[in-house]
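Peer 1: what's the 3D shape of this:
(one chain, ligands or ions: 1)
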Amino acid sequence: MAREQLSEVRYGWNGFADRQGLAAALAGQIADRLSGAIAQRGAALLAVSGGSTPAKLFAVLSTTPIAWDKVTVTLVDERFVPPSSPRSNAGLVAANLLQNKAAAARFVPLYHEAASIEDAAATDSEALRALPWPLDVVILGMGGDGHTASFFPDAGNLDELLDPASRRIVLPVHAASGGEPRLTLSMARIVAAGFVALHIEGEDKRTAFNGAMGPGAKKPVRKVLEAAPRPIEVFWAP
Ligand SMILES: O=C(O)[C@H](O)[C@@H](O)[C@H](O)[C@H](O)COP(=O)(O)O
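Peer 2: Residues are numbered from 1 along each chain as shown. Model (predicted):
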């Protein structure tokens, strides 16, 4: 096989005419996966990203009739701010996802007060070890710079963040482009999920994604797609 083919990245492309159609379809797939996990092992584990993209998806998912009392929700990543901050992903999830039927879910945050973000990541890794791993569903977002989760291209510990063999669950991130210091699930935990969806919206994000799939230095989002044992499903609407 030609060398360039060896680095070929596999993913599913799910394009929609509008964002509401994407939210309905993706929420349906998430609900099916969570319900399947509950039927199989009595519990389901979901990790969602923050930012601005997922609010509409969260609103639709929150009204989906599944056994939410058997679902644990956590975050793919979090800014090192309290839930009261407008920058908090936990605040976004509380206001948009943990409502309606999904209010019955258990939420496990990443942020808590700590002397340093390194201490917070270490405490998180121990606290989250008791969750019903592996993740059944992960919802990733993507920035225009090709970051996903908090795997920012300018992160000082990017190699550690992208290490598929890492035994850590939560890692600290210092990256100027990420704003505050961040806490992020490790690559290993993310790609081990039964279903990973990359949710992006708008022409700029599609252009950035296509660029990341092309030749040249590999952006973090491409490294995640390549590390995933099962093709990640990309959900896009204009
Ligand atoms: O904490 C975060 O910001 C996210 O987890 C991050 O990875 C996000 O998914 C992308 O930055 C896209 O953000 P937007 O949806 O705001 O474009």
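
Peer 1: give the buried residues for stretch 96-111.
Peer 2: For stretch 96-111, burial by neighbour count (16 or more other Cβ atoms under 10 Å) applies to 96-98, 102, 105, 107-111. For glycine as for every other residue, the C-beta is placed from the backbone atoms N, C-alpha and C.

Peer 1: so of those, which ones are in strands?
Peer 2: 107-108 (DSSP state E).

Peer 1: how about CSV for the buried residues of stretch 96-111, with distance to Ala31 and pLDDT added?
Peer 2: Output for the buried residues of stretch 96-111, formatted as CSV (distance: Cβ to Cβ, whole Å; pLDDT from 0 to 100):
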residue, distance to Ala31, pLDDT
Asn96, 16, 98
Leu97, 12, 98
Leu98, 15, 98
Ala102, 10, 98
Ala105, 12, 98
Phe107, 17, 98
Val108, 20, 97
Pro109, 23, 97
Leu110, 24, 97
Tyr111, 27, 96
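
Peer 1: check the buried residues of stretch 96-111 and tell me the two furthest apart.
Peer 2: Greatest spatial distance among these (Cβ to Cβ): Ala102 and Tyr111, at 20.1 Å.

Peer 1: secondary structure element holding Trp93?
Peer 2: Just so we're on the same page, residue 93 is Val rather than Trp. Val93 belongs to helix 89-96 when assigned by DSSP states H and E.

Peer 1: enumerate the residues of the protein near the ligand.
Peer 2: By Cβ under 6 Å from any ligand atom, the residues of the chain that approach the ligand are 49-53, 76-77, 89, 141-143, 148-149.

Peer 1: which among those end up buried?
Peer 2: By neighbour count, with 16+ other Cβ under 10 Å, the residues of the chain next to the ligand hold 49-50, 53, 76-77, 89, 141-143, 148-149 as buried.

Peer 1: and for Trp65, the neighbour number?
Peer 2: Residue 65: Pro, not Trp. 9 (other Cβ atoms under 10 Å).

Peer 1: isn't it up against Ala104?
Peer 2: No - Pro65 lies out of contact with Ala104 (Cβ atoms under 8 Å); the separation is 11.0 Å.

Peer 1: from the buried ones among the residues of the chain next to the ligand, which single one is nearest Ala37?
Peer 2: For these, the nearest to Ala37 is Val76 (17.5 Å; Cβ to Cβ).
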